[in-house]
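>>> below are the sequence and a predicted model; questions follow.
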Amino acid sequence: MDISRAYFNAKLDPGVLTYVQLPEEDPDHGDHCARLVRHMYGTRAAADGWQEEYSTFLVETLKFAQGTASPCVFRHGSRELVVTVHGDDFTTVGPTEDLDWLGTQMQEHYELTIQPRLGPGPDDAKEAVILNLIVRLTESGIEYEADPRQAEKLVAECGMTDTNTVAAPG
């Protein structure tokens, strides 16, 4: 699941005062500023506010237990679900019924996109992109492939786009 505009879901603590400059198209641009009531991308506390928001929702509302070794891992006590969170991306392992339940709960609370479900069933996807990794479910197991754009970017940054390849350097 990918949460849309994740940081905007997190409310600022009442005692925290954060002000931002109004955009130029606003008629009060030069004379006024705005006080934030929710976190905004680019502010110092935004990531912490988002972590507090989703952690509170998963633990207090959905009754997950937060990991001790990693606060980004959550396990449900009565459902067979394990959730890992990386920024605004939630990856979950569990049976279909429990995954459906979690998807419904999350959609009621956040605006999100649910990616195809990777699994062995006839209706399950056999390939998915998770955190820009290509993950494939094959007969011999799970395969991970790095995002090919990363290698292309590295080649371009090193100024090697017009070079020839060789089997053995030197």
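Sure, I can see it.

>>> show me what the lengthiest helix in the chain is packed up against.
Ranked by number of residues, the top helix in the chain under DSSP state H is helix 96-109. Judged by 3 or more Cβ pairs under 8 Å, 6 or more residues apart in numbering; DSSP states H and E, the packing partners of helix 96-109 are strand 89-93. In short, each C-beta sits where N, CA and C put it, glycine included.

>>> quick check: buried residues in the longest helix of the chain?
Using 16 or more other Cβ atoms under 10 Å as the test for burial, helix 96-109 gives 98, 99, 101, 102, 103, 106, 109.

>>> could these go into CSV alongside pLDDT?
Compiled in CSV, the buried residues of helix 96-109 are given as follows (pLDDT from 0 to 100):
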residue, pLDDT
98, 97
99, 95
101, 97
102, 97
103, 96
106, 97
109, 95
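
>>> let me know the closest of these to residue 84.
Relative to residue 84, the closest of those is residue 102; by Cβ to Cβ it sits at 12.7 Å.

>>> now do the contacts for residue 143.
135, 136 (Cβ atoms under 8 Å, 6 or more residues apart in numbering).

>>> begin at 789 from here
Sure, I'll start counting at 789 from here, so that last one is residue 931.

>>> what strand or helix carries it?
Secondary structure here is read from DSSP states H and E; on that basis residue 931 sits in strand 929-933.

>>> what sits up against the helix or strand following that strand?
Counting by DSSP H and E, the next helix or strand C-terminal to strand 929-933 is helix 936-945. With contact meaning Cβ under 8 Å, 6+ apart, helix 936-945 is reached by 920, 949.

>>> the same query, at a cut-off of 10 Å, please.
Helix 936-945 is contacted by residues 920, 921, 922, 935, 948, 949, 951 when judged by Cβ atoms under 10 Å, 6 or more residues apart in numbering.

>>> likewise for stretch 882-902?
By Cβ under 10 Å, 6+ apart, stretch 882-902 touches 789-794, 796-797, 841-842, 845-846, 849-850, 852, 863-864, 866-871, 876-878, 880-881, 905, 907, 909, 911-912.

>>> relative to residue 791, how far out is residue 934?
The spacing between residue 934 and residue 791, counted by Cβ to Cβ, to the nearest Å, is 24 Å.

>>> now residue 867
In terms of Cβ to Cβ, residue 867 sits 20 Å off from residue 791.

>>> more crowded one of these two?
residue 791 (22 against 17; other Cβ atoms under 10 Å).

>>> tell me what the more buried one is bridged to.
The partner list for residue 791 in beta bridges (DSSP bridges) reads residue 900.
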